[in-house]
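Chemist: Got a predicted structure here, sequence first:
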Amino acid sequence: MSFLPARAKQSVSYSSLTITRAEIALCCSSFKLSLFTAMLNHGVPLPTIAESSGLQNNYTKKALSENQAEAQLIWLIKVGVLRREVDGQGLTDSFRLTPLGRQIVTKWEKQGNSLPNPTMSERIINLFNRWSRLSL
C-alpha cells in the first residue's frame with residue numbers, strides 16, 4: 001500500500017495593485033470587519049446583512065436596504081474579495097470570502113477589531129474604480 005503525500009495548501013499571489021484596489025474597496029464599504037470575519041468561516045446570507053439585521057449583527061456601519069447592501073457586495077465580488085455561495089440549485093443569497101479576501105481580512109484581523117479608515121483620496125479612487133467598472 002502506498003501513500004501519496006498530502007498537497008500543501010498553495011497560496012495564490014496577487015499583484016500589489018490588485019491587493020490595494022481590494023483593500024480600498026473593503027475600507028470604503030459600509031461593512032464592518034465582523035462581517036468579513038464571519039465570512040471566513042461560513043457564508044453569510046443577505047437578509048442578515050441588510051436592514052436593521054445588519055446593525056444588530058454588527059455587520060454594517062449604518063442600516064442598508066437590501067438593494068444597497070447587495071450593490072456593495074456585488075462591487076466586492078467584482079473587485080475579487082467576495083463570491084456568492086452556490087448550492088445544488090445554483091446561486092444562493094449568501095456570500096463568502098475569496099482567497100484574496102481571506103488574505104486581507106486575516107491580516108486586518110491580526111491588526112485590530114476594525115477596518116482601516118479610508119483617506120479622502122482612497123474614497124475618490126474607489127468611486128472612480130466603481131464608476132469606470134460600471135461604465136464598461
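Modeler: Looks like it came in fine.

Chemist: longest strand anywhere in the chain?
Modeler: Longest strand in the chain, counting residues (DSSP state E): strand 90-97.

Chemist: which outside residues touch the helix or strand Lys110 falls within?
Modeler: In this structure, Lys110 sits in helix 99-111 according to DSSP states H and E. With C-beta atoms under 8 Å, 6 or more residues apart in numbering as the test, helix 99-111 has contacts from 11-12, 14, 18-19, 22-23, 26, 33, 36-37, 39-40, 76, 80-82, 97, 115-116. (Glycine included, C-beta is placed from N, CA and C.)

Chemist: from those residues, which would you call buried?
Modeler: 14, 19, 22-23, 26, 33, 36, 39, 76, 80-82, 97, 115 (16 or more other C-beta atoms under 10 Å).

Chemist: Where does pLDDT dip in the chain?
Modeler: 1-10, 134-136 (pLDDT under 70).

Chemist: where do the strands sit along it?
Modeler: So, for the chain - with DSSP E - the strands run 44-45, 82-87, 90-97.

Chemist: The shortest one pairs with which strands, and in what direction?
Modeler: Neighbouring strands of strand 44-45 in its sheet, by DSSP bridges, are strand 90-97 (antiparallel).

Chemist: Quick check: buried residues in the strand it pairs with?
Modeler: Buried, per 16+ other C-beta under 10 Å, within strand 90-97: 93-97.
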